[in-house]
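*Asks:* give me a 3D structure for the following:
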Amino acid sequence: MALIHIKDVVKTYDMGAELVHALSGVTIDIQANEYVAIMGPSGSGKSTLMNVIGCLDTPTSGLYEFGGENVGDLDDNQLAEIRNRKIGFVFQTFNLLPRSTALHNVELPLIYAGVPSHERRERAEKALTDVGLGDRMLHKPNELSGGQRQRVAVARALVNNPSIILADEPTGNLDSRTGVEIMQLFSELHAQGNTLILVTHEEEIAEHAHRILRLFDGKVASDEVVANPLTYASQM
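*Replies:* A predicted model of the protein is given here:
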């Protein structure tokens, strides 16, 4: 059974004078431990598809099953629980609390999940160590480089041991060398058994994935396996 099963999903937005079709009958399956990039030009529907997969938005029609559960049957509280416990989000803009330390930023999902403070700290420290920031835990975002801030965001995404990591343009605010380092981190996470879904408009970033979905006008234009995914070594 696929971890993510999307069948004939349509998403429309009522813009007053017109009805915008952001997704027009999308059907895809994503298995556990896949590394998938979603690509497409502006307006292709890739951000809408990301929001649907991440349970930030619900389809107008069609079926979305996450881990065998019909997302359309869930209420707002159940959707919030899936987002917190089963999906790790990494955003282009990092979305860190500026006045909080890296450690506290990573602890946040655990606070929402009701995890006791001692266990929270232990898990957050491990997540930061795993992304190479064991010595920067008590630094605030303005004391960290862009790459380090994105690593904090990755640690926060990982801390709840999610079913999938959903990354939206994760290298968009980084210089090219730092972007390569973050993509190497994603490759390592995938090798450890994580399921990664990456939304990007950059071809060279998508080619780190093992499968590329291309959207156009709200439909899947192509779905291809990457024969030789890029690695850190091939970028140096």
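
*Asks:* what's the distance between residue 65 and residue 23?
*Replies:* 16 Å (CB to CB, to the nearest Å). Where C-beta positions appear, they are placed from N, C-alpha and C, glycine not excepted.

*Asks:* go on, residue 131?
*Replies:* Counting by CB to CB - residue 131 and residue 23 are separated by 33 Å.

*Asks:* which one's more surrounded, the two?
*Replies:* More crowded of residue 131 and residue 23, by other CB atoms under 10 Å: residue 23, with 28 against 24.

*Asks:* need the contact list for the spatially most central residue of the chain.
*Replies:* For the chain, the residue nearest the mean C-alpha position is residue 166 (1.1 Å; CA atoms, centre = their mean). Counting by CB atoms under 8 Å, 6 or more residues apart in numbering, residue 166 makes contact with 50, 53, 54, 87, 88, 89, 90, 197, 199.

*Asks:* let's see that with 6 Å instead.
*Replies:* 54, 87, 89, 197 (CB atoms under 6 Å, 6 or more residues apart in numbering).

*Asks:* any buried residues in the strand or helix carrying it, and which?
*Replies:* When elements are assigned from DSSP states H and E, residue 166 belongs to strand 164-168. The neighbour-count check on strand 164-168 (16 or more other CB atoms under 10 Å) flags 164, 165, 166, 167, 168 as buried.

*Asks:* now the last one. Nearest residue, chain neighbours left out?
*Replies:* Taking CB to CB, 6 or more residues apart in numbering, and ignoring the residues beside it in sequence, residue 168 has residue 199 as its nearest neighbour in space, at 4.9 Å.

*Asks:* any idea what the one you found is bridged to?
*Replies:* With DSSP bridges as the criterion, residue 199 is bridged to residue 38, residue 168.

*Asks:* please renumber so the chain begins at 14
*Replies:* Got it, first residue is 14 now, which makes that one residue 212.

*Asks:* surely it is in contact with residue 51?
*Replies:* Yes: counting by CB atoms under 6 Å, residue 51 is a contact partner of residue 212 at 4.8 Å.

*Asks:* identify the contacts common to these two.
*Replies:* Common neighbours of residue 212 and residue 51 (CB under 6 Å, 6+ apart) are residue 59.
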